[in-house]
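Asker: Whatever this is, show me its structure:
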Amino acid sequence: MSDDDPSSPAGSPGALSAVEAIDRLKARLGVATDVELAERLSLGRSTVASWRKRDQVPARFVEAAKGGQWGAFSFAYEHWTEIEKRAMQLALLRLMWRHGRIATDYRAFLEEGGMAAASLWKIHAEATRDLAAEVDRRDGADSLTALQLLVYREFDAQKDGA
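Answerer: The predicted structure is shown next:
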């Protein structure tokens with residue numbers, strides 16, 4: 001955590017105390033200890049203890065503790081859920097489907113590369129929701145099967161119909 005990271009003091013309106021925010025984050029992430037929470041968030045082991053000591057948690061984590069949306073990009077890849085990892089595969093396919101020519105056309109890369117990169121987090125969030133919904137529709141099918149079905153419907157079916 002850097003010094004320029006805006007934090008949410010416990011006294012501001014609608015704010016959570018550090019203890020409340022930390023406890024909610026632990027519950028949301030399914031961890032029991034401060035060290036596990038720090039590891040899950042890819043932070044230093046003593047970071048959560050320092051939040052407690054100062055009674056301040058960075059705003060992005062307070063928002064997550066309140067149930068706000070956060071993407072997998074908030075964590076290191078090894079801490080992503082299986083669905084988030086599979087969703088990245090789907091997101092990359094969708095990104096290349098939409099912006100594929102940037103990989104082979106230098107002018108297209110210059111014109112669209114920034115837009116494509118900036119859209120990856122949004123495409124990943126959509127893919128995560130879509131994949132989770134497919135798993136649910138299939139009565140808890142494994143995420144690989146759900147991914148394969150989505151990819152077939154979106155890409156192979158379109159290719160065959162073209």
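Asker: going forward, measure contacts and count neighbours with C-alpha atoms only.
Answerer: Fine.
Asker: Show me what stretch 23-31 is in contact with.
Answerer: Stretch 23-31 is touched from outside by 32-34, 37, 40, 61, 64-66, with contacts defined as CA atoms under 8 Å, 6 or more residues apart in numbering.
Asker: Please render the residues you listed as CSV that adds secondary structure, distance to E126 and neighbour count to the earlier fields.
Answerer: Output for the contacts of stretch 23-31, formatted as CSV (DSSP: H, G, I helix; E, B strand; the rest coil; distance: CA to CA, whole Å; neighbours: other CA atoms under 10 Å):
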residue, secondary structure, distance to E126, neighbour count
A32, coil, 29, 11
T33, coil, 31, 13
D34, helix, 31, 19
L37, helix, 26, 23
R40, helix, 23, 19
F61, helix, 21, 20
A64, helix, 18, 17
A65, helix, 21, 22
K66, coil, 21, 16
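Asker: Spell out the secondary structure type for the closest residue to D34 other than its chain neighbours.
Answerer: Distances taken as CA to CA, 6 or more residues apart in numbering place V48 nearest to D34, at 6.0 Å, with adjacent residues excluded. Following DSSP: H, G, I helix; E, B strand; the rest coil, V48 is assigned to helix.
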